[in-house]
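*Asks:* 3D model of this:
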Amino acid sequence: MTHPQTPIPSVFGHGSTAAEVIKGIDLSGKIALVTGGYSGIGTETTKALVSAGAKVIVAGRRPEEADTTLADIRGQIDVVKLELSDPASIDACATAVAEKTGKIDLLINNAGIMACPLSRDARGYESQFATNHLGHFQLTMRLWPLVKATGAGARVIALSSLAHKRSAFHPEDPNYERRDYEKWQAYGQAKTANALFALYLDTLASPSGIRAFSVHPGGIMTNLGRYLTEEDIAMMRARSEGDASAGPSFEWKTVEQGAATTVWAATSPLLADKGGVYCEDCDIAALTGPDGLTQPGGVMPHACDADAAAKLWEISEDLTGIRWPG
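*Replies:* Model prediction:
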């Protein structure tokens, strides 16, 4: 039996841009929501979707900055406020979105933070896990009636990362209450959680024709790296130059290239009968072996483990107090 994590292959690749991927796709009448859709690859994602005729709702922490950044993009764009580390803000965002639209065709959970010092949200949850995963989990649950209203053909995209290789999900201590905190390990756990979230959501939603995917956009210089130290930057430079001792190697992408896999996963007809998979370079990523940490691409087994995905979902419901509304 072929493993779901088997490349298709796609006609696109590492160097493809979002504009190339969206060419020929008609999204007229479609509604997309992009968290963080006014910064870095989020801006390029918004731009590509609007160019194909979609109306895009951009949810983010700084609405005024979003309005300024997106002002020159021709098309239908609405901006709503969203702070993913604040449960009240998430609920308010969902309410605001429901006042603007009766459906969501494409929900793209793009926003995130990376490798920050230890901090906690108001509930005491570790900030990278809380923002990158739990915030998007809550938002997706609150917006689910709108996604469900679209029904077959709707898609949910979770932004993961090559950094998922750094850590599996640790259900015994997801919030670093008993472990020593290490910022890259914490980021890796959060990115693994993004992949597992998409995997389990797809099992729940696919009977209705709604599919979910996780995406590694690639290595891109954006303000996601605002917490990086000089040592971190040197490490990433070494990895980009193929130094295996620094971690899995990668090649840098432009922001236009970085948005391509998100746009491909959200719109490609090649994925119409697939779901729950982790994608990279505009294709389904190959499953790695146990030594995947040293390989430049692919997805580790711990990020596509159905049992781990179910456990994450159970813990996420408990930590947020929100149950699946589907």
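*Asks:* list the contacts for residue 187?
*Replies:* Shown in contact with residue 187 (CB atoms under 8 Å, 6 or more residues apart in numbering): 114-115, 128, 132, 161, 163, 166. The C-beta positions use only the backbone N, C-alpha and C, and glycine is treated the same way.
*Asks:* just those residues now: which is nearest residue 260?
*Replies:* Nearest to residue 260 among the contacts of residue 187: residue 161, at 15.2 Å, using CB to CB.
*Asks:* follow-up on the earlier one: pick the one among the contacts of residue 187 closest to residue 21.
*Replies:* The closest of those, once distances to residue 21 are taken by CB to CB, is residue 161, at 19.2 Å.
*Asks:* quick revisit: taking the contacts of residue 187, tell me the two that lie furthest apart.
*Replies:* 132 and 166 (13.4 Å).
*Asks:* neighbour-wise, which of the two wins?
*Replies:* Between residue 132 and residue 166, residue 132 has the larger neighbour count (other CB atoms under 10 Å), namely 29 against 20.
*Asks:* Run through the residues that contact that one.
*Replies:* Residue 132 makes contact with 84, 112-113, 187, 190-191, 193-194, according to CB under 8 Å, 6+ apart.
*Asks:* Let's verify it: helix, strand, or coil?
*Replies:* Secondary structure, DSSP: H, G, I helix; E, B strand; the rest coil: residue 132 is helix.
*Asks:* just the buried members of the contacts of residue 132?
*Replies:* Those of these that meet the buried threshold are 84, 112-113, 187, 190-191, 193-194, by 16 or more other CB atoms under 10 Å.
*Asks:* Any chance of a markdown table for those residues, columns pLDDT, secondary structure and distance to residue 311?
*Replies:* Shown next, in a markdown table, are the buried ones among the contacts of residue 132 (pLDDT from 0 to 100; DSSP: H, G, I helix; E, B strand; the rest coil; distance: CB to CB, whole Å):
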| residue | pLDDT | secondary structure | distance to residue 311 |
| --- | --- | --- | --- |
| 84 | 97 | coil | 22 |
| 112 | 95 | coil | 22 |
| 113 | 95 | coil | 24 |
| 187 | 96 | helix | 20 |
| 190 | 98 | helix | 16 |
| 191 | 98 | helix | 17 |
| 193 | 98 | helix | 11 |
| 194 | 98 | helix | 15 |
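*Asks:* Please dump those into JSON lines; it should also carry distance to residue 8 for every row.
*Replies:* Shown next, in JSON lines, are the buried ones among the contacts of residue 132 (distance: CB to CB, whole Å):
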{"residue": "84", "distance to residue 8": "32"}
{"residue": "112", "distance to residue 8": "26"}
{"residue": "113", "distance to residue 8": "32"}
{"residue": "187", "distance to residue 8": "29"}
{"residue": "190", "distance to residue 8": "27"}
{"residue": "191", "distance to residue 8": "23"}
{"residue": "193", "distance to residue 8": "25"}
{"residue": "194", "distance to residue 8": "21"}
